[in-house]
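My questions concern the predicted model and sequence given below.
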Amino acid sequence: MFIDMNHNKILIGITYDLRSDYLAEGYSDEETAEFDKESTIDGIEHALRTMGFVTQRIGHVKQLIQRIAKGERWDLVYNICEGMHGIAREAQVPAILDAYQIPYVFSDPMVLALTLDKGMTKRVVRDMGIRTPDFYVVHTLDDLEYGTLSFPVFAKPIAEGTSKGIDQLSVVKNRQDLIAVCKQLLQKFRQPVIIESYLSGREFTVGIVGTGNKASCLGVMEVTLINTAEKESYTYLNKQEWDWEGRIHYSIPEQGIVDACTKMALEAWKGLGCRDGGRVDIRYDASGLPNFLEVNPLPGLNPLSSDLSLLCGLHHISYETLMDRIMQSALERLPLLPDTNQSLRLKTTPYETEDHTLFKIQA
């Protein structure tokens with residue numbers, strides 16, 4: 001590392017949405033599908049401590065606000081909060097951290113607000129010259145009057161993850177069914193629906209680590225549905241961690257596919273301004289050409305069941321190595337200044353915690 005300082009002097013706060021907390025408040029399994037299990041937080045914290053960092057669990061956005069109001073601060077926050085409410089829900093935690101000049105891991109509020117909106121993301125990506133399926137956005141059923149795409153089309157909520165709102169009815173073959181699907185999605189998810197030209201080819205996800213010109217590909221993973229899966233797409237049911245082994249086969253594709261997917265994913269990642277680590281989803285069309293589907297700049301990080309972890313496992317990259325590479329990218333943004341030897345070091349002042357003398361980074 002270029003930082004002339006022991007990791008164990010850096011206090012890492014961890015922000016997250018714990019699924020069990022929201023279930024206890026009465027939210028449903030599907031409403032909380034994007035949120036994390038205790039084992040995910042345990043895995044992240046264990047990896048950070050193994051690297052020598054001191055960690056402190058913070059929790060969700062409201063818990064973060066309460067702790068900041070009490071005067072608590074951290075040298076860096078490892079943020080995986082998805083948020084519960086609002087079209088920019090993923091941007092809430094980093095926006096608060098920016099207001100208090102607290103550095104954090106992963107992308108900034110602008111990127112997280114943009115990329116959660118699949119329609120806006122596709123407009124930006126298309127402007128960059130990256131191939132993506134033709135689409136339109138339905139805010140009300142009246143908007144269907146202006147849709148000109150040929151069937152079949154693919155319909156899904158515009159701002160959900162974990163394949164929420166995607167099932168066997170998502171591939172729509174006629175107008176009558178499209179009206180019914182859009183009506184159901186608009187009522188259930190209370191957000192616009194994006195309608196895309198359906199891509200009939202193979203599907204891949206690309207793991208990315210790093211920021212800007214230092215971003216690199218961790219590997220490419222093909223997602224193949226097997227006979228027991230819901231047909232035609234990577235649906236909410238197919239994606240569930242308790243049952244994916246009976247529905248999905250993950251594999252490393254041939255080199256030509258790897259090269260094409262890597263090129264497209266890195267162009268999108270850099271162009272959108274994503275940071276530190278995540279995934280880009282790509283699907284081929286009937287002509288055999290790759291198309292950008294979406295980007296996930298806040299990837300699932302369960303050590304055993306999340307797509308990025310599974311991808312790394314296929315490419316013989318350990319979870320600890322993945323976490324280390326994410327942290328190396330994030331640490332480069334910490335406040336630095338040159339010392340008398342022209343090397344870089346953190347500007348710090350000591351402060352006390354219950355059982356550690358740590359170093360607080362000055363703005």
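Received the coordinates, thanks. Residues are numbered from 1 along each chain as shown.

I would like the residues contacting the biggest strand by length in the chain, please.
For the chain, the strand with the greatest residue count under DSSP state E is strand 216-225. Around strand 216-225, the neighbours that count as contacts under Cβ atoms under 8 Å, 6 or more residues apart in numbering are 202-210, 231-232, 234, 238, 247-253, 257-258, 261-262, 265-266, 307-308, 310-312, 314-315, 317, 322. Glycine gets a C-beta too; all of them are placed from N, C-alpha and C.

show me where the stretch 201-350 of the chain has strands.
Along the stretch 201-350 of the chain, counting by DSSP state E, counting those that start in this stretch, strands occupy 203-209, 216-225, 248-251, 277-284, 290-296, 336-338, 344-346, 348-352.

May I see those organised as JSON lines, with distance to residue 175, mean neighbour count and mean pLDDT added?
Converted to JSON lines, the strands of the stretch 201-350 of the chain look like this (distance: least, Cβ to Cβ, whole Å; neighbours: other Cβ atoms under 10 Å; pLDDT from 0 to 100):
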{"stretch": "strand 203-209", "distance to residue 175": "26", "mean neighbour count": "25", "mean pLDDT": "98"}
{"stretch": "strand 216-225", "distance to residue 175": "26", "mean neighbour count": "20", "mean pLDDT": "96"}
{"stretch": "strand 248-251", "distance to residue 175": "31", "mean neighbour count": "14", "mean pLDDT": "94"}
{"stretch": "strand 277-284", "distance to residue 175": "24", "mean neighbour count": "24", "mean pLDDT": "98"}
{"stretch": "strand 290-296", "distance to residue 175": "24", "mean neighbour count": "22", "mean pLDDT": "97"}
{"stretch": "strand 336-338", "distance to residue 175": "58", "mean neighbour count": "12", "mean pLDDT": "43"}
{"stretch": "strand 344-346", "distance to residue 175": "60", "mean neighbour count": "16", "mean pLDDT": "37"}
{"stretch": "strand 348-352", "distance to residue 175": "63", "mean neighbour count": "11", "mean pLDDT": "34"}
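
Identify whichever of the ones you listed lies nearest to residue 56.
Proximity to residue 56, assessed across those by Cβ to Cβ, is greatest for strand 348-352 (13.3 Å).

could you dump the strands of the stretch 201-350 of the chain to JSON lines with distance to residue 126?
Output for the strands of the stretch 201-350 of the chain, formatted as JSON lines (distance: least, Cβ to Cβ, whole Å):
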{"stretch": "strand 203-209", "distance to residue 126": "18"}
{"stretch": "strand 216-225", "distance to residue 126": "22"}
{"stretch": "strand 248-251", "distance to residue 126": "29"}
{"stretch": "strand 277-284", "distance to residue 126": "15"}
{"stretch": "strand 290-296", "distance to residue 126": "9"}
{"stretch": "strand 336-338", "distance to residue 126": "37"}
{"stretch": "strand 344-346", "distance to residue 126": "39"}
{"stretch": "strand 348-352", "distance to residue 126": "45"}
